[in-house]
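Visitor: Below are the sequence and a predicted model for it; my questions follow.
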Amino acid sequence: MAETDKTEKMAAALRKAGIRVTRQRVALLAVLADAADHPDAVELHERARAIEPSVSLATVYRTLSVLEDEGVVHRHSFEGGGARFETTQQDHHDHILDVDTGEVIEFSSDKIEQLQDAIARELGYEVVHHKLELYCRKIGAS
């Protein structure tokens, strides 16, 4: 999905929730739409301030809360760190967290998806939703 489409979807979610789409929020939405990583609120605040210096941290937290409630932003609470955020307008993926650097790597695996479905079926279930987080260390690192 193009960045402008992501931004407009998030702006529409804010309007739906009765939140004004100000210059400050537009800057934050642009940062969220452009993020290739999983920034926390402070990182989002710093990036948004580079676009619009008047963005406050309170605006970032309030906006993220509304966007999460509206289902257009995912909040991740990875072990060992604070909440991180990403937009929901992307294909399903799982995460590897580098325990030494804190880096978050997205990946997709048809093998894992098929195995999860098979296990659920064997137990008489159907997978409705899941998330997979692997906490890893690079081979050879210590």
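Guide: Everything's here; your move.
Visitor: got the phi/psi numbers for the residue sitting nearest the centre point of the chain?
Guide: Nearest to the mean C-alpha position of the chain, counting by CA atoms, centre = their mean, stands residue 86 at 1.7 Å. When read as degrees, to the nearest 10, the backbone of residue 86 gives phi -150, psi 160.
Visitor: Could you chop the chain up by domain?
Guide: 3-87, 94-136 (automatic domain parsing).
Visitor: Go ahead and confirm residue 32 touches residue 10.
Guide: Yes: using CB atoms under 8 Å, residue 32 is in contact with residue 10, at 6.6 Å. Yep, even glycine has a C-beta here, placed from its N, CA and C like the rest.
Visitor: which residues are common contacts for those two?
Guide: 67, 73, 87 (CB atoms under 8 Å, 6 or more residues apart in numbering).
Visitor: Quick check: bridge partners of the residue lying closest to residue 35 once chain neighbours are set aside?
Guide: Of all residues beyond its chain neighbours, the one nearest residue 35 is residue 86 (6.8 Å), with distances taken as CB to CB, 6 or more residues apart in numbering. For residue 86, the beta-bridge partners are residue 74 (DSSP bridges).
Visitor: Report the separation between residue 106 and residue 91.
Guide: Residue 106 is 10 Å from residue 91, where distance means CB to CB, to the nearest Å.
Visitor: In terms of neighbours, single out the busier of these two.
Guide: residue 106 (14 against 7; other CB atoms under 10 Å).
Visitor: which of the residues in whichever helix or strand the more buried one is part of are buried?
Guide: Using DSSP states H and E, residue 106 falls within strand 104-107. Judged by neighbour count (16 or more other CB atoms under 10 Å), strand 104-107 contains these buried residues: residue 104.
Visitor: could you point out which element follows it?
Guide: Assignment by DSSP H and E places the next element after strand 104-107 at helix 110-122.
Visitor: Show residues contacting that following helix.
Guide: Outside helix 110-122, the residues touching it (CB under 8 Å, 6+ apart) are 94, 126-127, 130, 132.
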